[in-house]
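[1] okay, predicted coordinates and the sequence, questions at the end:
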Amino acid sequence: MLAELLATEGVEEIHRPGNAVGVMAIHGGLEEGTDDIAIAIAAASGAALYAVVQPETLWWHVPSTHFDPGESPALRTFLGSIELAISVHGYGDPGFESTALLGGSDRRLATAIHNEFVVRGLGAISALDEIPRRLRGVHPANPVNRPRRGGVQIELPMDLRRGTVRDLVVAAVVAAISAAAADLSGQSVTG
């Protein structure tokens, strides 16, 4: 399924190397602003980047669990080069219009990102049992969970993907990545 999407005219696959943390936006173009946020986070933190960006005329939602590294040399290289991943997604569930949902397998990093959101006055939920099941991002086939240390799937409502609030989201994730990268390199992290 991923190979078909990547072969579709107008779909762009982006891979840029970086440090041991990788940032993804696998539904770029489809989930408005997620690719721009992932690119900004990677640029500010030195993280590796992997994104798939669809043109405005295409609305093909390939589930995260179908992003098979066997179908993309760029995704395989990206996942093989990192220890920890962050995947930026968008959602629009009623009742969560201004709350980020922090799923994925690395619960320690999810808590760190949650804390950075709260410090900046942003709403976030990191308790998996409070996140709708379909948005938890915990399936082992999800690319965010494939690196050695796993990762965090960040689901952002539209209110957190636009304007100055978007910049606060980027700053929060960059701060958490900085601490995680220091931890990965064996340096002590101070709060």
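    Yep, that arrived. Residues are numbered from 1 along each chain as shown.
[2] pLDDT weak spots in the protein?
    With pLDDT under 70 as the threshold, the chain has low-confidence stretches at 185-191.
[3] now L49: which helix or strand?
    For L49, the host element (DSSP states H and E) is strand 48-53.
[4] counting by contacts, list what that strand packs against.
    Here strand 48-53 is seen to pack against strand 12-16, strand 21-28, helix 34-45, helix 73-81 when contacts are counted using 3 or more C-beta pairs under 8 Å, 6 or more residues apart in numbering; DSSP states H and E. C-beta here means a position set from N, CA and C on the backbone, and glycine is covered the same way.
[5] please enumerate the helices of the protein.
    Along the chain, the stretches classed as helices by DSSP state H are 2-6, 34-45, 73-81, 107-119, 163-184.
[6] and among these, the most buried is which?
    Greatest average neighbour count among the helices of the chain goes to helix 34-45 (a mean of 22), per mean count of other C-beta atoms under 10 Å.
[7] and for it, what's in contact with it?
    14, 16, 18-19, 21, 23-25, 27-29, 47-49, 51, 53, 86, 88-90, 156, 161, 166, 169-170, 173-174, 177-178, 181 (C-beta atoms under 8 Å, 6 or more residues apart in numbering).
[8] again, but for stretch 168-176
    Outside of stretch 168-176, the residues that reach it under the criterion C-beta under 8 Å, 6+ apart are 23, 37, 40-41, 44-45, 86, 100, 109, 112-113, 115-117, 119-122, 154, 156, 160-161.
[9] can you check stretch 131-142 too?
    Surrounding stretch 131-142, the residues in contact under the criterion C-beta under 8 Å, 6+ apart are 64-68, 87, 89, 91, 93, 101-105, 125, 128, 144-146, 152-153, 155.
[10] PyMOL command for the buried members of those residues?
    In PyMOL, this line selects whichever of those come out buried by 16 or more other C-beta atoms under 10 Å:
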select buried, resi 64+67+87+89+91+101+102+103+104+105+125+128+144+145+146+152+153+155
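[11] ok so, going back, sheet partners, orientation included, of the strand holding L49?
    Paired with strand 48-53 in the same sheet, following DSSP bridges, are strand 12-16 (antiparallel), strand 21-28 (parallel).
[12] give the contact list for the nearest residue to G46 once chain neighbours are set aside.
    Counting by C-beta to C-beta, 6 or more residues apart in numbering, G46 lies nearest to N19, which is 4.8 Å off, once chain neighbours are set aside. For N19, the contacting residues are S45, G46, A47, A48, A181, taking C-beta under 8 Å, 6+ apart as the criterion.
[13] try 7 Å
    With contact set as C-beta atoms under 7 Å, 6 or more residues apart in numbering, N19 has these partners: G46, A47, A48, A181.
[14] what sits against the nearest residue in space to V165 that is not next to it in sequence?
    The spatially closest residue to V165, leaving aside those adjacent along the chain, is D159, at 6.6 Å (C-beta to C-beta, 6+ apart). Under the criterion of C-beta under 7 Å, 6+ apart, the contact partners of D159 comprise E97, S98, V165.
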